[in-house]
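K.L.:
Got a predicted structure here, sequence first:
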Amino acid sequence: MGKVFKFGNDLDTDQILASQYLLLPTVEEMSAHTFESLDPGFPGKVKPGDFVVGGENFGCGSSREQAPAVLKALGVKAVVAKSFARIFFRNAINIGLPAIVCKGLPDAVATGDEMTLDLEAGVAGVFGDEGEERYPCTKLPPYMQNILDHGGLIAFLDDGAA
Amino acid sequence: MGMTMAEKIIAAAAGVPAVSPGEIHTVRLDRMMSNDGTTHLTVDMFNKLKHPVVAEPGRLVFIADHNVPSDSAKTAASQKKMRDFAKLYGIDYYEGRGVCHQIMMENYVCPGELIFGADSHTCTYGALGAFGTGVGCTDFLYGMVTGKSWVMVPESVRIELCGRLPDGVYARDLMLTIIGTVGANGCNYQAMEFCGDGAGALSVDERMVLCNMAVEAGAKTGLFGPDEKATEYLAAHGRKAKKPVFSDPDAHYIKTYSFDLGQVRPVVAKPDFVDNLDSVDEVAGTHIDEAFLGSCNNGRIDDLRVGAEVVRGKKVAPHVRFLVSPASATVYRQALDEGLIDTFLEAGAIVVNSNCSVCWGACQGVIGENEVLISTGTRNFKGRAGHPSSQVYLASAATVAASAVAGAIAKAV
């Protein structure tokens, strides 16, 4: 169970982390500026195990891997969106941050709601008036799931799985 | 059934006779490029690997272009890490010589190659018939260590161009029109292939404008068949087409869009999305604080010629900062030789070094609260060029230069 932080369609990576912070020495230093243009209090509010939920084309724009990296550094458990821009999607899986396509859930949740995500079953859930509503998620291609299962591409490489 | 260019390039890199959209293949990378936006992170990760090796340093290129020259001690430390690594492993290294994609086009890219770059605009290389695509720094690291990576074969979309652009209308207007038509995620995960007599008539520099912004429609890459114009470009830069690849006549495209170039008009992308298209006429008179002519999209010699012609004998409006950044040192020198830099300086422009400049919203030219920038750059997301309340309009070199003089958005006459 984690709290939802909800964002809209076409959320670009400049909003996740602005250019001026990309060359800071560490991802930890950068993470203090996550979502600064949209919700400057985000780094202080988000707790490990929380979720970022978006609409269509989440993570469009720049290839900056710092975007998924700061979310992971802040403890975000997964990003759930209707669709992802391809570079963000690939980067997230590569660093071991689940990026999960779920068409139904984003419209059913608001910031502050509590949600669950069962990665193995591919089901996202949110608690409403009539109990838990469950929404199916799209499974990753096996190749990408394998990378995620290793904890990311570097662990995949270190494990000799490459 | 035949294959598209994108499919043929991936098949060759995977060492298999044929591939189909949706398949995932392990591929050998012909070349990889990384810039100062993320290389410091790549180096940190490399140093923590169990077996830190660089498979083929000769295939790598490092280019510092985003925060150049360094704007702070922290940036300097990040760039030193990159510079030292390049020296240690014998990797080609550039600093302050231009925007990475322009340097790659001038010195490295060849038709038929598969190139990964740790920058989203790596799709620019399709102007020479190479499959270039943007990746993050972990993907880059993996490729650096193994010489390989994995790709999912994209579906291909045919962008059919017919006719010729009218006078005063540029490739930039065309690409903004294309993105405005297909939408900012209209080609997500797909390869945009530009075809037709109108595509054949465009110069390689113009083709770069189109391929460069393919990612702004969500595409994995943008491609032109490497025809005689590509061959001429390569020859002028001392290279040859080693393995040019063309789509088969019976290749499969998931969709076709057609554009009559004769119908394209001067346009802008309004804040805060690249597909928020409008005509220059509709937004004429909008106040601006800054104008920018440069970037990997639109800072080449043709663009500088167009901009200089517009401002020749005129003055930049007193309240406007007009930044001009030639896309590479080569372009800068040519602009000097042609007297274009003189023209810009005479008009009151600020000519800066060849780098990413305000297009990426850091280092130089960053705009303040509620300010408005009109730019030949690549993106206009909320706060892209500075303060979250600031706004960016994207337009051609001609429109940017005319607006700099007028102090408000204006069409070049």
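P.N.:
Cool, got the structure. Residues are numbered from 1 along each chain as shown, chains lettered A, B, ... in the order given.
K.L.:
CA atoms for contacts and neighbours, from now on please.
P.N.:
OK.
K.L.:
interface residues of chain A facing chain B?
P.N.:
Residues of chain A lying close to chain B (CA under 8 Å from any CA of the partner chain) are A:12, A:14-15, A:18-20, A:22-26, A:37, A:57, A:60-65, A:85-87, A:90-91, A:94-95, A:143, A:153-154, A:157-158.
K.L.:
Tell me which residues touch residue 59, please.
P.N.:
Just so you know, I chose chain A. Counting by CA atoms under 8 Å, 6 or more residues apart in numbering or on different chains, A:G59 makes contact with A:10-13, A:84-85, A:87-89.
K.L.:
um, chain B though
P.N.:
Counted by CA under 8 Å, 6+ apart, B:R59 has contacts B:30-32.
K.L.:
does the residue positioned nearest the centre of chain A count as helix, strand or coil?
P.N.:
Taking CA atoms, centre = their mean, the centroid of chain A lies closest to A:V79, which sits 2.3 Å from it. Secondary structure assignment for A:V79 (DSSP: H, G, I helix; E, B strand; the rest coil): strand.
K.L.:
thinking it is in contact with A:F51, fair?
P.N.:
Yes - using CA atoms under 8 Å as the test, A:V79 is close enough to A:F51 to be in contact (6.0 Å).
K.L.:
re earlier: any chance of a markdown table for the contacts of A:G59, columns neighbour count and secondary structure?
P.N.:
Listed next are those as a markdown table, based on neighbours: other CA atoms under 10 Å in any protein chain shown; DSSP: H, G, I helix; E, B strand; the rest coil:
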| residue | neighbour count | secondary structure |
| --- | --- | --- |
| A:D10 | 21 | coil |
| A:L11 | 21 | coil |
| A:D12 | 22 | strand |
| A:T13 | 25 | helix |
| A:F84 | 28 | strand |
| A:A85 | 28 | coil |
| A:I87 | 26 | helix |
| A:F88 | 27 | helix |
| A:F89 | 22 | helix |
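K.L.:
can you list the residues of the stretch 1-150 of chain B near chain A?
P.N.:
Within reach of chain A by CA under 8 Å from any CA, the stretch 1-150 of chain B has these residues: B:24, B:36-38, B:40-41, B:49-51, B:74-75, B:77-78, B:118-120, B:134-139, B:142.
K.L.:
how far away is the residue lying closest to B:G186 once chain neighbours are set aside from B:G183?
P.N.:
Spatial nearest neighbour of B:G186, excluding adjacent residues (CA to CA, 6 or more residues apart in numbering or on different chains): B:A217 at 5.6 Å. According to CA to CA, to the nearest Å, B:A217 stands 6 Å off from B:G183.
K.L.:
the more surrounded of these two?
P.N.:
B:A217 (29 against 19; other CA atoms under 10 Å in any protein chain shown).
K.L.:
B:T177 is in contact with that one, correct?
P.N.:
No - counting by CA under 8 Å, B:A217 does not reach B:T177; the two are 11.2 Å apart.
K.L.:
outside of stretch B:85-97, which residues touch it?
P.N.:
Contacts with stretch B:85-97, where a contact means CA under 8 Å, 6+ apart, come from B:43, B:54, B:57-58, B:60-65, B:68-69, B:83, B:103, B:328-329, B:353-355.
K.L.:
in that stretch, what's buried?
P.N.:
B:85-86, B:91-97 (16 or more other CA atoms under 10 Å in any protein chain shown).
K.L.:
mind listing the strands for chain A?
P.N.:
For chain A, strands defined by DSSP state E occupy the ranges A:2-6, A:51-54, A:78-81, A:99-101, A:114-118, A:123-128, A:131-136.
K.L.:
Parallel or antiparallel, list what pairs with the last one.
P.N.:
Okay, so that is strand A:131-136. When pairing is defined by DSSP bridges, strand A:131-136 lines up against strand A:123-128 (antiparallel).
K.L.:
Show me what counts as buried in the strand it pairs with.
P.N.:
Neighbour-count burial for strand A:123-128 flags A:123-126 (criterion: 16+ other CA under 10 Å).
K.L.:
any weak-confidence spans in chain A?
P.N.:
Of all residues in chain A, those with pLDDT under 70 make up the ranges A:161-162.
K.L.:
Let's see that with 90 instead.
P.N.:
A:23, A:25, A:127-132, A:159-162 (pLDDT under 90).
K.L.:
so who does the residue lying closest to A:D118 once chain neighbours are set aside touch?
P.N.:
Taking CA to CA, 6+ apart, and ignoring the residues beside it in sequence, A:D118 has A:A124 as its nearest neighbour in space, at 6.3 Å. Applying CA under 8 Å, 6+ apart to A:A124 gives the contacts A:102, A:105, A:115-118, A:134-137.
K.L.:
In ChimeraX, select just the buried ones from those.
P.N.:
Applying 16+ other CA under 10 Å to the contacts of A:A124, the buried members can be selected in ChimeraX as follows:
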select /A:102,105,115,116,117,134,135,136,137
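K.L.:
Distance to B:A406 added to the contacts of A:A124, as a markdown table?
P.N.:
Listed next are these as a markdown table, based on distance: CA to CA, whole Å:
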| residue | distance to B:A406 |
| --- | --- |
| A:C102 | 48 |
| A:L105 | 49 |
| A:M115 | 53 |
| A:T116 | 55 |
| A:L117 | 55 |
| A:D118 | 58 |
| A:R134 | 57 |
| A:Y135 | 54 |
| A:P136 | 54 |
| A:C137 | 52 |
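K.L.:
Which of the contacts of A:A124 sits closest to chain B?
P.N.:
Among the contacts of A:A124, A:C102 lies closest to chain B (CA to the nearest CA), at 16.7 Å.
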